[in-house]
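Asker: Return atomic coordinates for the entry below.
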Amino acid sequence: QVQLVESGGGVGQPGGDLRLSCAVSGSTPDYYAIGWYFQAPGKGREPIACISNSDSGTYYKDSVEDRFTISWHNAKKMAYLQMNVLKPEDTGVYYCATDRDYDGSCPKGDFWGQGTQVTVSS
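Answerer: Got it, this is the predicted structure:
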């Protein structure tokens, strides 16, 4: 089993920034990816940024590529999502996820964190 715990959500102003953290623990495989998923109110979850623990290869959804940065701290087993130039449409719940196995793509979601709420409002 793998446990993930997100933190760092809250209220941010348009144009401002927030940093989310995801602590990973438990029985992780040698190679895995961590994905940040976004769920807007009334919508489904979608991957917005992913990173592998080995070569730090990354993926970004087009809508966040120029504003968000995903990173991985191997020793701490922490993933981060630096969110800059926040927009009201970034409001929603952010989850981190991983899988039992790594196939080179974003995690499908075998394991999930509890989510952290981000609200962008002036």
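
Asker: List the buried residues of the lowest-mean-pLDDT helix or strand in the chain.
Answerer: Ranking every helix and strand in the chain by mean pLDDT, DSSP states H and E puts strand 58-60 at the bottom, with a mean of 93. Across strand 58-60, burial judged by 16 or more other CB atoms under 10 Å covers 58-60. In short, each C-beta sits where N, CA and C put it, glycine included.

Asker: what's the helix or strand for the most centrally placed residue in the chain?
Answerer: Centroid-nearest residue in the chain: W36, 2.2 Å away (criterion: CA atoms, centre = their mean). Secondary structure assignment for W36, by DSSP states H and E: strand 33-39.

Asker: And the strands in the chain, which stretches?
Answerer: Using DSSP state E, the strands of the chain run over residues 2-7, 10-12, 18-26, 33-39, 45-52, 58-60, 68-73, 78-83, 92-98, 111-112, 116-120.

Asker: Can I get those in TSV including distance to G104?
Answerer: Output for the strands of the chain, formatted as TSV (distance: least, CB to CB, whole Å):
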stretch	distance to G104
strand 2-7	18
strand 10-12	32
strand 18-26	19
strand 33-39	8
strand 45-52	8
strand 58-60	10
strand 68-73	15
strand 78-83	17
strand 92-98	14
strand 111-112	18
strand 116-120	27
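
Asker: Please name the bridge partners of the spatially closest residue to C22 that is not a sequence neighbour.
Answerer: Leaving aside its sequence neighbours, C22 sits nearest to C96 (CB to CB, 6 or more residues apart in numbering; 3.5 Å). Beta-bridge partners recorded for C96 (DSSP bridges): W36.

Asker: Let me know the pLDDT of C96.
Answerer: We have a pLDDT of 97 for C96.
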